[in-house]
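Visitor: With the sequence up front, the predicted model follows.
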Amino acid sequence: MPGEYILDVRDLVVRFRVKGRGFTEALKGVSLGVRRGDSYGIVGETGSGKSTLAKTILGINRPTSGSIYLEGREIDYSSSKDVSLARRNIGIVFQDPVGSLNPREPVYRIIRAGLINSDVPKDRYEERIVEISRQVGIPQGKLWSYPGQLSGGEKQRVSIARALVAPKKILILDEPTSSLDVSIQAEILNLLRDLRRSMSITFIYISHDINVIRFMCNRVSVLYYGKVVECGETKTVLSSPAHPYTRVLTGSVLGIQRSEIQASDSVAGGHVSTEGGCIFRKVCPSAFEKCSVEPAPTALDGDHSVWCHIYEKSEEVYQ
Ligand SMILES: Nc1ncnc2c1ncn2[C@@H]1O[C@H](COP(=O)(O)OP(=O)(O)O)[C@@H](O)[C@H]1O
Ligand SMILES: [Mg+2]
């Protein structure tokens, strides 16, 4: 339905050339519909394609195939005008605040960089920088400090300020707290929750940590090496996980550890295509013959969908 989603990703495939090894398929046909006001979670192990998804939405990586619609309009990633429009509307906060902040720039100038190419007129820059710094909790006295003089949490506040200093419709947060100490993590998560409410902004929140997703997100897609295996409301997906992968991830299957279902090198390296069937079947505790064919999505209740043969044309509940 046009207009239903603020961001609509359809069948996104992203391949990278790898020297001497052909290519890696980091995304193997990912679809997601993000509604206005959602805090939409993307959860998956390291290497499952989360950052690739974020970077492709922003035009940092190019889609190999598939489409991305922003407010119902397809983004043409070969057009620099379209890419800059996408970047004016969608902000990003990266995982590593150290790598993403220029150590030779003071905080004020780092935040100011978020205003370049925005709709904010130059004579309002200072006012915006002061305002956003206050909202994210950077004291005025630190605006002329350098990143090296800040704590990890303060650095991440600067990244958030830079992403939001020009108004955005969507903010992508790519594991924004995973490099921080646990106590600081909670502070930043609470800050982000408050900002989302006060700014009525849509979040796409990326994490490998289901507890963070549970705290931050109303809806979630579970990514397993380039494929979405399950999506729906967070409380449904995490309390009644359907896909065998999600069940292990959430600890619903006793006796199986996460490490036991980690992908083989060939899957993790993106060399396995879904032409060989379900991407999870090699490590799936419930695999059967049919899994050699790629599963189509099955709608469970409401928004809850799962890509697994166990649920096809059967009302049986997976045990
Ligand atoms: N620029 C790139 N060139 C080649 N391979 C890449 C590139 N970016 C990511 N990949 C590969 O794509 C896969 C997914 O990576 P990534 O999106 O970073 O996963 P995640 O963020 O979930 O950890 C990995 O196998 C990674 O090595
Ligand atoms: Mg990543």
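Guide: Received it, and whenever you're ready, just let me know what you need. Everything quoted here is computed from the prediction, not taken from an experiment. Ligands and ions are numbered 1, 2, ... in the order given.
Visitor: Show me where this structure has its helices.
Guide: 50-57, 80-89, 97-100, 107-112, 125-136, 152-164, 182-199, 210-216, 234-239, 244-249, 265-268 (DSSP state H).
Visitor: TSV for these, including distance to ligand 1, mean pLDDT and mean neighbour count?
Guide: Every residue, glycine included, has its C-beta placed from N, CA and C. Listed next are the helices of the chain as TSV, based on distance: least, Cβ to the nearest ligand atom, whole Å; pLDDT from 0 to 100; neighbours: other Cβ atoms under 10 Å:
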stretch	distance to ligand 1	mean pLDDT	mean neighbour count
helix 50-57	3	97	23
helix 80-89	17	96	15
helix 97-100	14	77	16
helix 107-112	24	97	21
helix 125-136	24	97	18
helix 152-164	17	96	23
helix 182-199	18	95	15
helix 210-216	14	96	19
helix 234-239	18	96	19
helix 244-249	14	93	24
helix 265-268	6	68	14
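Visitor: Mind checking those for the one nearest to ligand 2?
Guide: Proximity to ligand 2 (Cβ to the ion) singles out helix 50-57 among the helices of the chain, at 3.2 Å.
Visitor: can you give me how far the closest one is from the chain middle?
Guide: Remark: helix 50-57 is offset 7 Å from the chain centroid, using Cα atoms, centre = their mean, to the nearest Å.
Visitor: Pull up the gap between Gln156 and Ser100, please.
Guide: 9 Å (Cβ to Cβ, to the nearest Å).
Visitor: quick one on the thing from earlier: let me know which of the helices of the chain is the nearest to Leu12.
Guide: Of all the helices of the chain, helix 50-57 sits nearest to Leu12, with 6.6 Å by Cβ to Cβ.
Visitor: So which residues on the protein come close to ligand 1?
Guide: Those residues of the chain that sit near ligand 1, judged by Cβ under 6 Å from any ligand atom, are 16, 18, 24, 26, 44, 46-52, 269-270.
Visitor: Buried ones from those residues, can you make that a PyMOL selection?
Guide: Command for PyMOL that selects the buried part of those, burial taken from 16 or more other Cβ atoms under 10 Å:
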select buried, resi 24+26+44+47+48+49+50+51+52+269+270
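Visitor: in the sheet, who's paired with Lys28?
Guide: Val13 (DSSP bridges).
Visitor: Looks like it contacts Val13 (just checking).
Guide: Yes. Look at Lys28 against Val13 with Cβ atoms under 8 Å: they come within range, at 6.3 Å.
Visitor: Of those two, which one has the most company?
Guide: Lys28 (23 against 17; other Cβ atoms under 10 Å).
Visitor: and the two most separated of the residues of the chain next to ligand 1?
Guide: Checking the residues of the chain next to ligand 1 with Cβ to Cβ, the most distant pair is Val18 and Gly44, at 20.3 Å.
Visitor: which among the residues of the chain next to ligand 1 gets closest to Cys308?
Guide: Gly44 (15.8 Å).
Visitor: list the contacts for the closest residue in space to that closest one that isn't next to it in sequence?
Guide: Closest residue to Gly44 apart from its sequence neighbours, by Cβ to Cβ, 6 or more residues apart in numbering: Leu223 at 3.5 Å. Each residue near Leu223 by Cβ atoms under 8 Å, 6 or more residues apart in numbering is listed here: 30, 42-44, 48-50, 53, 229.
Visitor: Look up how far Met199 lies from Leu223.
Guide: From Leu223 over to Met199 (counting by Cβ to Cβ), the distance is 27 Å.
Visitor: Check Asp76 too.
Guide: Taken as Cβ to Cβ, the span from Asp76 to Met199 is 28 Å.
Visitor: which among the residues of the chain next to ligand 1 gets closest to Tyr125?
Guide: Ser51 (29.9 Å).
Visitor: I'd guessed that closest one sits against Asp174; true?
Guide: Yes. Between Ser51 and Asp174 there is a contact under Cβ under 8 Å: 5.6 Å.
Visitor: shared neighbours of the two, anything?
Guide: With Cβ under 8 Å, 6+ apart as the test, Ser51 and Asp174 both reach 95, 206.
Visitor: Okay, domains of this structure per the record?
Guide: 7-217, 241-311 (automatic domain parsing).
Visitor: Need the ones you listed in JSON lines (columns: distance to Thr234).
Guide: Shown next, in JSON lines, are those (distance: least, Cβ to Cβ, whole Å):
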{"stretch": "domain 7-217", "distance to Thr234": "5"}
{"stretch": "domain 241-311", "distance to Thr234": "11"}
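Visitor: can I get those in CSV with distance to ligand 2?
Guide: What follows is the domains of the chain, written out as CSV (distance: least, Cβ to the ion, whole Å):
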stretch, distance to ligand 2
domain 7-217, 3
domain 241-311, 13
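Visitor: Just the pLDDT at the residue nearest the centre of the chain, thanks.
Guide: By Cα atoms, centre = their mean, the chain has its centre lying nearest to Ile206, at 3.4 Å. At Ile206, the model reports a pLDDT of 98.
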